[in-house]
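S.K.: what follows is a predicted structure for the sequence shown.
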Amino acid sequence: MSQPDELAIYLPDGRVAPPSNPYGRLIANAGVYRALAHHGGYRHLHFQCRTPPEPEQLAGELLLKPGTVQVSTGSLLGTQAAASAGILLSGQPYLEEPAWIRRHGRRDRDYSIVGTIFAYASATHREQMMRSALAPLHDWDAMICSSPSLAHTVAQTFDSWQDYLGERLGREGTPSSTDRGVRLPRPQLPVIPFGTDVQALDSQASDGQARASLRESLQIADDDVLVLFLGRLSYYDKAFPQAMFKAVQGAQQRTGVRTHFVLTGWFPNGDEDRTLFLEAAHRYAPDVPTVFLDGNDADVVARCWAAADVFLLLSDTILETFGQALVEAMAAGLPLVVSDWDGYRSIVRDGVDGFLVPTLGAAGGPLGETLALLQSVGQIGYPQYAGAVAAHTAVHVPAAEAALSRLIASPELRRTMGGAGARRARDCFAWPVVAAQYTELFAELTERRRHASGDTDAPTGGFRLNPLRSDPFVDFRLLPTEVLTDDTRVQLVTADDSRAQPGRPDLSAELDQMFPGLRADADETDRVTDVLRRCGPLTVRDLLQSFPPRRRPFVRMTIVWLAKTGVVDWLTD
């Protein structure tokens, strides 16, 4: 089967390039889009946006050369581009709305919807994802997980949610949820890692001048060792830092090698978190020169890759699912000391690319249930929720200290492990490799869609909109005295009955001009009043004969608006 030469991308905010202080998800999504633009073999990328930007803007953010890949933009409500491409890719796992838009267009079999999951800790985010399970999704759709452990966790959540719905909605007297007739259409949960620009990082790390420049500015001698952390400087979002400070302090004492700890990133909570990190550094690493650098400065980050000798990140937060910085560190040829945590263990091979440090989590129970309840009622937010879990997750400091000591004491071991990591980054995490996995998945989903059994066809009737977000004029049709129908007779209001010129709405008040997108245009509105002026009272059905079918819904809405503005009367008897 030949690969389609176009791809549709669901991009609500209309931006590819991440903002300042970006989360890993935004960086990773930008990388995915750029990788598919440069290595996916597509001739045309179509972006569906809330407010579509100029295609040239997105082409620039994709770093495309003129004339290479065509870029177009359109509305989030459009389905034609996705149907033509066969795939609609989203950088989020919230597939409920794209699925209902597809259903409304009667295009369930025309394309697959693919989302990506980067983080999973926030209860609100999980609820949004699980709402997707109640949307019109199929097994030819997918939520890409960044690590095997994340895929397992998401699958467990689907299982629990399905069991609950079976328990809640099943027939009386049935003994188990499997007998209750509840079948949630579950998307595929493939595991595809995020990638990195291996060549760029290798080039940055090989810059001897940049290495000498940064080390000189930080007063780091040639024989000293620079241990680097890169990421958000947040105890709930990335890592409680105490274990890292203790490990660096202990490794310096054990080896006798002057060691510097550079933390490059940004403080999401500003000076409040900076104070907390500085206090921990002074308490637990009093003999280690510790520096905080700006992770939003690309030049600073590039010089850090060149100047560093070892990469250290002992994450303990449930908000960390993959480890983008780890992949970048491997591409830069650095050996790693990282916690044995979630996606980290699928990136780093213990004893080959670096060392995985054991971690210990709490068992849960009544106190964990209390945390869940407090978050559900809004008494704590996800920072407190995730922070409380991380505060009760242990990282084995002696093991981290021992791993750092081995690397600090042996330049040869650093070179061996760094080289192994660089090869792994090139083979497994380079963007062309990751882009190929995306296109392979797209082809697999297309085959699933083409060979699906007939009972999964979108219904010709029934629910084409989310029942909880359906047509408000229909949902609330019992509120007014009556509703406009094709049999409703309407006529122009005479001059004596209206302050406005007959047939012309008085739009001097801004409130009368609001929401024009639901109505016919000015010429069509004039045609409505001209027909009524010439013919007198008419049924809506007869009046609509003057307009093409595709414009009649707008004309119907305009008739009611003209009644609201005092131009048309529907009480003709």
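M.R.: Cool, the structure landed.
S.K.: pLDDT below threshold where in the stretch 451-573 of the chain?
M.R.: 454-462, 465-466, 468-470, 495-503, 573 (pLDDT under 70).
S.K.: can you pull out the strands in it?
M.R.: 489-492, 538-539, 568-569 (DSSP state E, counting those that start in this stretch).
S.K.: make TSV from these and add distance to Val300 and mean neighbour count to it.
M.R.: The C-beta positions use only the backbone N, C-alpha and C, and glycine is treated the same way. What follows is those, written out as TSV (distance: least, CB to CB, whole Å; neighbours: other CB atoms under 10 Å):
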stretch	distance to Val300	mean neighbour count
strand 489-492	69	19
strand 538-539	72	17
strand 568-569	66	20
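S.K.: nearest to Leu313, out of the ones you listed?
M.R.: With respect to Leu313, and counting by CB to CB, the nearest of the strands of the stretch 451-573 of the chain is strand 568-569 at 67.8 Å.
S.K.: who does that closest one pair up with?
M.R.: strand 489-492 (antiparallel) (DSSP bridges).
S.K.: distance between the strand it pairs with and the chain's centre?
M.R.: 51 Å (CA atoms, centre = their mean, to the nearest Å).
S.K.: which secondary structure element of this structure has the lowest mean pLDDT?
M.R.: helix 472-475 (a mean of 77; mean pLDDT, DSSP states H and E).
S.K.: out of the strands of the stretch 451-573 of the chain, flag the one nearest Arg232.
M.R.: Closest among the strands of the stretch 451-573 of the chain, once you apply CB to CB, is strand 568-569, at 58.8 Å.
S.K.: list the buried residues for the helix ranked longest in the chain?
M.R.: Criterion DSSP state H: the longest helix present in the chain is helix 148-169. Going by neighbour count (16 or more other CB atoms under 10 Å), the buried part of helix 148-169 is Ser149, Leu150, Ala151, Thr153, Val154, Phe158, Trp161, Gln162, Leu165, Gly166.
S.K.: out of those residues, which comes closest to His125?
M.R.: Val154 (11.3 Å).
S.K.: is it true that the closest one touches Tyr120?
M.R.: Yes. Using CB atoms under 8 Å as the test, Val154 is close enough to Tyr120 to be in contact (6.7 Å).
S.K.: give the intersection of the neighbour lists for these two.
M.R.: Met129 (CB atoms under 8 Å, 6 or more residues apart in numbering).
S.K.: so what's the residue count around Pro4?
M.R.: 18 (other CB atoms under 10 Å).
S.K.: then the one 4 residues further on?
M.R.: Other residues within reach of Ala8, judged by other CB under 10 Å, total 27.
S.K.: check which helices and strands the helix or strand where it lies sits against.
M.R.: Per DSSP states H and E: Ala8 is located in strand 6-10. The contact analysis (3 or more CB pairs under 8 Å, 6 or more residues apart in numbering; DSSP states H and E) places strand 6-10 against strand 44-49, helix 80-85, strand 87-90.
S.K.: residue contacts, His46?
M.R.: Glu6, Leu7, Ala8, Ile9, Val71, Ser72, Thr73, Gly74, Ala81, Ala82, Ala85.
S.K.: I'd say Asn29 and Pro93 touch.
M.R.: No. The pair Asn29 / Pro93 is not scored as a contact, 11.7 Å apart, by CB under 8 Å.
S.K.: what's the overlap in contacts for those two?
M.R.: In contact with both Asn29 and Pro93: Thr116, using CB under 8 Å, 6+ apart.
S.K.: count of neighbours near the nearest residue to Thr124 once chain neighbours are set aside?
M.R.: Distances taken as CB to CB, 6 or more residues apart in numbering place Tyr382 nearest to Thr124, at 7.4 Å, with adjacent residues excluded. Tyr382 has 18 neighbouring residues, counting by other CB under 10 Å.
S.K.: how near is Tyr382 to Ala121?
M.R.: Distance, Tyr382 to Ala121, by CB to CB, to the nearest Å: 7 Å.
S.K.: ok, Arg131 next?
M.R.: Distance from Arg131 to Ala121, by CB to CB: 17 Å.
S.K.: got the phi and psi for the nearest residue to Pro4 once chain neighbours are set aside?
M.R.: If the residues on either side of it in the chain are set aside, Pro4 comes closest to Gly86, at 5.4 Å by CB to CB, 6+ apart. Main-chain dihedrals, Gly86, degrees, to the nearest 10: phi 90, psi -10.
S.K.: my read: Gly86 touches Phe442, true?
M.R.: Yes. The criterion here is CB under 8 Å, and Gly86 meets it with Phe442 at 7.4 Å.
S.K.: so what sits against both of those two?
M.R.: What both Gly86 and Phe442 touch, as defined by CB under 8 Å, 6+ apart, is the set Pro4, Ser112.
S.K.: how long is stretch 70-82 end to end?
M.R.: Stretch 70-82 has its terminal residues 15 Å apart, counting by CA to CA, to the nearest Å.
S.K.: stretch 335-350 too?
M.R.: End-to-end distance for stretch 335-350, by CA to CA: 11 Å.
S.K.: and if you look at stretch 355-364?
M.R.: Stretch 355-364: ends 28 Å apart by CA to CA.
S.K.: and stretch 69-77, which residues are buried?
M.R.: For stretch 69-77, by 16+ other CB under 10 Å, it's Val69, Val71, Ser72, Thr73, Gly74, Leu76.
S.K.: can you give me phi and psi for the last one?
M.R.: Right, Leu76. Backbone torsions of Leu76, given as degrees, to the nearest 10, read phi -60, psi -20.
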